[in-house]
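Asks: show me how the following folds:
(chains A, B, C and D)
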2 protein chains.
Amino acid sequence: MDELKVSFAPATTQRASDVIYQQIYEKIASGELKTGDRLPSERELADQFHRSRPSVREALRMLQQNKLIKIAVGVNGGAIVQGISLESAEQPLRELITIGVISPRELAEYRTHNDRTCAYLAAQYHTQEDAALLREIIARYGEAIYDSERLAVIDLEFHKALAKSSHNKLCILMTDVVSTLCARMFWDSVSKMPEKDIIQFNQFAFENHSQITEAVIVGDTEKLVSLMNTAGDIFFKAVTSLKKTAHLSSPFSDLTSL
Amino acid sequence: MDELKVSFAPATTQRASDVIYQQIYEKIASGELKTGDRLPSERELADQFHRSRPSVREALRMLQQNKLIKIAVGVNGGAIVQGISLESAEQPLRELITIGVISPRELAEYRTHNDRTCAYLAAQYHTQEDAALLREIIARYGEAIYDSERLAVIDLEFHKALAKSSHNKLCILMTDVVSTLCARMFWDSVSKMPEKDIIQFNQFAFENHSQITEAVIVGDTEKLVSLMNTAGDIFFKAVTSLKKTAHLSSPFSDLTSL
DNA sequence: ATGACACAAAAGGTCTTACAAATTATCCTA
DNA sequence: TAGGATAATTTGTAAGACCTTTTGTGTCAT
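Replies: As a prediction, the model looks like this:
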């Protein structure tokens, strides 16, 4: 007998918890269930789905793991819908990095290019509020030159504001993940530099960031190219300053062992 | 009585399933449990953790949701460790996009800049194997100019190979997510163009990608700047060709409704 | 001997029931 | 009216039984 040419779909029998998860997920994705809404109690859900409570609970665990719901105990407790937010994608990314799947070299590289992207798009899309926020941060940036601890926080603030100004959620997402993780590494390196170098370095960073802000606001992409290159160099110089025998030709190679 | 100035950590009582999840996660993250390893059966885990089977099952559902294990039924079934891979971060990102949290405009923008990053880094880090693969794909690219269906697949292949040549896992990850999702949108637009325009367009794309490949291989970042700009323009032109009343000044605005 | 079939064993999937713990609302009392 | 005990609601947990799927094994007939 010849074999049939028709192809069959895999006859997978779905778990009850998967079906329940799917149904609730759909309602969240479609917007029928909005952020803040409260799901029925486990027992009620079990009734509605004609399933047992353990099955419902497994589904709730899955939804919770994906940051789609938050669960509280007690009277008026239960599952509260969290909507689908950027946060749901951030956690797994963060894990990849902290676990070491992504090396510091890769992280640092991507950060630089991500910043560049943010700046480009910010130059195109920023609003007046964005501009005001950036300038306000830059003002504080200048005042914190002699306080590296504080500067580290403000610097992160700046990069996040730049990302926000791009009005691109992928930029915002990646900046949140990448810049936050890079920040620690970066300022750790800086803090190991000689005192007077640190001040000089901070001064330099301030001027660069200040110019970036103005270039973004007037939409001068030409100037941004060189400014972002300089910013990238600052970053590399700081991070590689850790290494005694610095091979400046390939600044990233040093990071691999961090 | 004055209030104490000390701050307390939130006294959260952890769920049993959370503790079990955490313990297994640690062993996977630390490498003690490697890809392919098989966890003990649910009943045995329950014994070891001194917890009930439902609690263990809830933990397994969470691990499964994070792609950390795969579960099979039957004799010799059970949970098989999948390790922490890029894949675990891809799914949530994909969802953000398909669900509409990320708009087509943002997606298209980020794709362009991501490609640029890949090309830059590829110029610096590519190996001989990478170069060979890129050239091989380009060869097939040229042969498929009259077959848009096939070209779409090859084009995606090219962008993934370019990402691989960057030797940066964040680039690879983002390319996988962003380019794959963009590809459909992109070639849908192209297929709606007049027949002879399509060929001309494909020819143009081929030449551009071909030049990018050579610029990457010789490490000519100067040339890459203009080439990638052209590539970006190609992309926008194709996608915006859908719109009848095209406002070329802001090519992206049309995409928002797609 | 060999192949087909039946049965057994292992493991996940599910349900039921019961109780514990947490949290909030309510009501009662001082 | 304020404070505290109490009740009600809801999640957290456990235990046990049974079903279903899958694979291994052994037996029987050819």
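
Asks: tell me where the stretch 101-250 of chain A has helices.
Replies: A:104-125, A:128-143, A:148-165, A:169-191, A:195-218, A:221-240 (DSSP state H, counting those that start in this stretch).

Asks: quickly, which of those bottoms out on average pLDDT?
Replies: Mean pLDDT values for these show the minimum at helix A:221-240, a mean of 76.

Asks: who are the packing partners of that one?
Replies: Packing partners of helix A:221-240 (3 or more C-beta pairs under 8 Å, 6 or more residues apart in numbering or on different chains; DSSP states H and E): helix A:104-125, helix A:169-191, helix A:195-218. Every C-beta, even on glycine, is put in place using the N, C-alpha and C of the backbone.

Asks: can you tell me which residues in the stretch 51-200 of chain A are near DNA strand D?
Replies: A:53-54, A:57, A:60, A:71-79 (C-beta under 7 Å from any atom of the strand).

Asks: out of the helices and strands packed on helix A:221-240, deepest packed?
Replies: Compared across the helices and strands packed on helix A:221-240, helix A:104-125 shows the largest average neighbour count, a mean of 23 (mean count of other C-beta atoms under 10 Å in any protein chain shown).

Asks: can you check what angle separates that one from helix B:104-125?
Replies: 140 degrees (axes from the mean of the first three to the mean of the last three C-alpha atoms, to 10 degrees).

Asks: which strands and helices lie in contact with helix A:104-125?
Replies: Short answer (3+ C-beta pairs under 8 Å, 6+ apart): helix A:104-125 packs on helix A:148-165, helix A:169-191, helix A:195-218, helix A:221-240, helix B:104-125, helix B:169-191.

Asks: hmm, back to that, closest to B:Gly100 out of the helices and strands packed on helix A:221-240?
Replies: When those are compared by C-beta to C-beta, helix A:169-191 sits nearest B:Gly100, at 10.9 Å.

Asks: kindly reformat the helices of the stretch 101-250 of chain A as JSON lines containing distance to B:Ile20.
Replies: Formatted as JSON lines, those follow (distance: least, C-beta to C-beta, whole Å):
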{"stretch": "helix A:104-125", "distance to B:Ile20": "31"}
{"stretch": "helix A:128-143", "distance to B:Ile20": "44"}
{"stretch": "helix A:148-165", "distance to B:Ile20": "35"}
{"stretch": "helix A:169-191", "distance to B:Ile20": "27"}
{"stretch": "helix A:195-218", "distance to B:Ile20": "46"}
{"stretch": "helix A:221-240", "distance to B:Ile20": "38"}
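
Asks: and of the ones you listed, who's closest to A:Lys34?
Replies: helix A:169-191 (18.7 Å).

Asks: so which residues on chain A come close to DNA strand C?
Replies: A:15-17, A:50-55, A:58, A:72-77.

Asks: ok, and the most crowded of those?
Replies: Sorting the residues of chain A next to DNA strand C by how many neighbours each has (other C-beta atoms under 10 Å in any protein chain shown) puts A:Glu58 first, at 27 neighbours.

Asks: pretty sure that residue sits against A:Ser17.
Replies: Yes. Taking contacts as C-beta atoms under 8 Å, A:Glu58 lies within contact range of A:Ser17: 3.6 Å.

Asks: now do the shared contacts for those two.
Replies: Shared contacts of A:Glu58 and A:Ser17 (C-beta atoms under 8 Å, 6 or more residues apart in numbering or on different chains): B:Arg61.

Asks: closest one of the residues of the stretch 51-200 of chain A next to DNA strand D to B:Gln22?
Replies: A:Ile71 (16.8 Å).

Asks: if the closest one is in a bridge, with which residues?
Replies: A:Ala79 (DSSP bridges).

Asks: separation between the residue in the stretch 101-250 of chain A positioned nearest to DNA strand C and chain B?
Replies: With C-beta to the nearest atom of the strand, the shortest gap between the stretch 101-250 of chain A and DNA strand C falls at A:Val101, namely 26.4 Å. According to C-beta to the nearest C-beta, to the nearest Å, A:Val101 stands 6 Å off from chain B.

Asks: now that residue. Nearest residue, chain neighbours left out?
Replies: B:Ile84 (5.9 Å; C-beta to C-beta, 6 or more residues apart in numbering or on different chains).

Asks: mind listing what's buried along the helix or strand harbouring A:Gln23?
Replies: Taking DSSP states H and E as the criterion, A:Gln23 maps to helix A:16-29. Residues of helix A:16-29 classed as buried under the neighbour-count rule (16 or more other C-beta atoms under 10 Å in any protein chain shown) are A:16-18, A:20-21, A:24-25, A:28-29.

Asks: what about the residue lying closest to A:Trp187 once chain neighbours are set aside, how many neighbours?
Replies: In space, and not counting its chain neighbours, A:Trp187 is closest to A:Ala152: 4.2 Å by C-beta to C-beta, 6+ apart. Here the number of neighbours of A:Ala152 (other C-beta under 10 Å) works out to 18.

Asks: domain boundaries for chain A, per the record?
Replies: With domains defined by automatic domain parsing, chain A comprises A:16-81, A:87-257.

Asks: B:Ala132: which of those domains is closest?
Replies: domain A:87-257 (22.9 Å).

Asks: how far away from the center of its chain is the closest one?
Replies: Distance of domain A:87-257 from the chain centroid (C-alpha atoms, centre = their mean, to the nearest Å) equals 13 Å.

Asks: distance check, A:Leu63 against chain B.
Replies: For A:Leu63 relative to chain B (C-beta to the nearest C-beta), the value is 9 Å.

Asks: isn't A:Cys182 up against A:Leu107?
Replies: Yes. Taking C-beta under 8 Å as the definition, A:Cys182 is a contact partner of A:Leu107 at 6.1 Å.

Asks: residue in chain A nearest to DNA strand C?
Replies: A:Gly74 (2.2 Å).

Asks: so who does that residue touch?
Replies: A:Gly74 neighbours (C-beta under 8 Å, 6+ apart): none.

Asks: phi, psi for it please.
Replies: When read as degrees, to the nearest 10, the backbone of A:Gly74 gives phi 90, psi 180.

Asks: measure it to A:Ala122 for me?
Replies: 45 Å (C-beta to C-beta, to the nearest Å).

Asks: name the nearest residue to A:Arg53, ignoring sequence neighbours.
Replies: Closest to A:Arg53 by C-beta to C-beta, 6+ apart is A:Ala46, at 4.8 Å.

Asks: oh sorry, the question was meant for A:Phe158
Replies: A:Ile137 (5.0 Å).

Asks: same check, this time on A:Glu106
Replies: That would be B:Asn168: by C-beta to C-beta, 6+ apart, it lies 4.6 Å from A:Glu106.

Asks: that neighbour reaches A:Ala108, doesn't it?
Replies: No. Assessed by C-beta under 8 Å, B:Asn168 is found out of contact with A:Ala108, at 10.0 Å.

Asks: alright, that wraps it up for me.
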